[in-house]
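Visitor: Whatever this is, show me its structure:
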Amino acid sequence: MTTLLVSHTSFLDHDTGPHHPESPARLKSVLSGLDQSPFSGLVRREARPATAAEVALAHPGHYLDHLRAAIPEQGLAHIDGDTVVSPGSGDAMARAAGAVIQAVDAVAKGEAANAFCAVRPPGHHAESERPMGFCLINNAAVGAFHARAAHGFERVAVIDFDVHHGNGTQEIFWNDAKAFYASTHQYPFYPGTGARREKGAHNNVVNVPLAGGSKGDVFRAGLTEEILPALTAFRPDFIIISAGFDAHRDDPLGGLALDENDFAWATAALMDVAASVCAGRVVSVLEGGYNLEALKDCAIAHVQTLKDH
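Guide: Okay, the predicted model is just below:
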């Protein structure tokens, strides 16, 4: 088995307007890196749209109706000051969630060792009833709950190393004793959540806030000393990575100082936990990352590790 790459051209049709950092160029950069010869052996599949019932695993049924109603027939519409939709956004958001579902299915069935979903829009800021922060559907949460509903993996975990805290995933998982969320992120920073004291209703949330300017040693220590032991103790049946690469030192929207080697290290560390507790079942989904070259380098390092570790 090898690593599965799930993506779709519809993600390029999610138009956020000129000068918006969450642009189609991000995905083009990632895919250009993964089109290089070291990745010729990846299994590649086109993302299918998630159904309304699948999205409803993480969001109430009316949420998707409200999102669809906000999508314009032409031009751009603002859901909030940061979150923009266009005529292509409906298909893109459905396929972004669907990509994670497909990846979960493939890994659960043994068709792939693990998977990376190169998608946009990202998802980890989307709360159960509130899109925000460039995010429409919480792709990671939909995938995690699909792993439970379709394959019986009751204990699900999402590990998030985006520079921004995944308030949406935390909110969706907060009261679910068999759903674990852990995050490293710059703090204080957007969206204002992610303090260490935020632990979930069942002690199922682990936040490791990092001060602005933190380098890889601090990031690695947070994972080694706090997140990895808690994840191992939780013993998930399936692990999903919210892979945001905007903690890179060159990212224009972040203030941390990581590099691609730190992301490769984190990927390998999470794969080691997965090998010990859940037969290596890992699916990763793209979140942030806004310097195009840094994003490409980080995606290459991340997927190379998924493939070869």
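
Visitor: Could you pull out the helices in the stretch 51-200 of the chain for me?
Guide: 52-55, 61-70, 89-108, 139-151, 167-173 (DSSP state H, counting those that start in this stretch).

Visitor: Can you add mean neighbour count and mean pLDDT and give the ones you listed back as CSV?
Guide: To be clear about C-beta, it is placed using only N, CA and C from the backbone, and glycine gets the same treatment. Shown next, in CSV, are the helices of the stretch 51-200 of the chain (neighbours: other C-beta atoms under 10 Å; pLDDT from 0 to 100):
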stretch, mean neighbour count, mean pLDDT
helix 52-55, 18, 98
helix 61-70, 15, 97
helix 89-108, 26, 98
helix 139-151, 26, 98
helix 167-173, 26, 99
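
Visitor: Which one of the ones you listed lies nearest to residue 114?
Guide: Residue 114 sits nearest to helix 89-108 of all these, at 6.1 Å, using C-beta to C-beta.

Visitor: What angle do helix 61-70 and the closest one make with each other?
Guide: Put simply, helix 89-108 runs at 140 degrees to helix 61-70, going by axes from the mean of the first three to the mean of the last three C-alpha atoms, to 10 degrees.

Visitor: now for helix 89-108, which elements pack on it?
Guide: Under the contact definition 3 or more C-beta pairs under 8 Å, 6 or more residues apart in numbering; DSSP states H and E, helix 89-108 sits against strand 3-7, strand 43-46, helix 52-55, helix 61-70, strand 114-117, helix 139-151, strand 238-243, strand 282-286.

Visitor: Run the angle between the longest one and helix 89-108 for me.
Guide: Following the same axes, to 10 degrees, one obtains 50 degrees for the angle between helix 139-151 and helix 89-108.

Visitor: who touches helix 139-151?
Guide: By C-beta atoms under 8 Å, 6 or more residues apart in numbering, the residues outside helix 139-151 that reach it are 50, 54-55, 57-59, 96-97, 99-101, 103-105, 108, 117, 119, 122-124, 153-154, 156-158, 160, 166, 168-169, 172-173, 178-179, 237-238, 240, 242, 283, 285.

Visitor: hang on, the earlier thing: could I get the helices and strands packed on helix 89-108 in TSV, plus columns for distance to residue 209?
Guide: What follows is the helices and strands packed on helix 89-108, written out as TSV (distance: least, C-beta to C-beta, whole Å):
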stretch	distance to residue 209
strand 3-7	31
strand 43-46	36
helix 52-55	30
helix 61-70	29
strand 114-117	26
helix 139-151	20
strand 238-243	16
strand 282-286	22
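
Visitor: Among these, which comes closest to residue 225?
Guide: Minimum separation from residue 225 across the helices and strands packed on helix 89-108 (C-beta to C-beta) falls at strand 238-243, 18.8 Å.

Visitor: distance between stretch 258-271 and the chain's centre?
Guide: When C-alpha coordinates are averaged (C-alpha atoms, centre = their mean, to the nearest Å), stretch 258-271 and its chain have centres 15 Å apart.

Visitor: Name the residues that touch it?
Guide: By C-beta under 8 Å, 6+ apart, the residues outside stretch 258-271 that reach it are 114, 159, 161, 215-216, 219-220, 223-224, 228, 231, 239, 241, 243, 245, 247-249, 280, 282, 284, 294, 297-298, 300-302, 304-306, 309.

Visitor: Now the terminal residues of stretch 183-191, how far apart.
Guide: Distance across stretch 183-191, first residue to last, is 13 Å (C-alpha to C-alpha, to the nearest Å).
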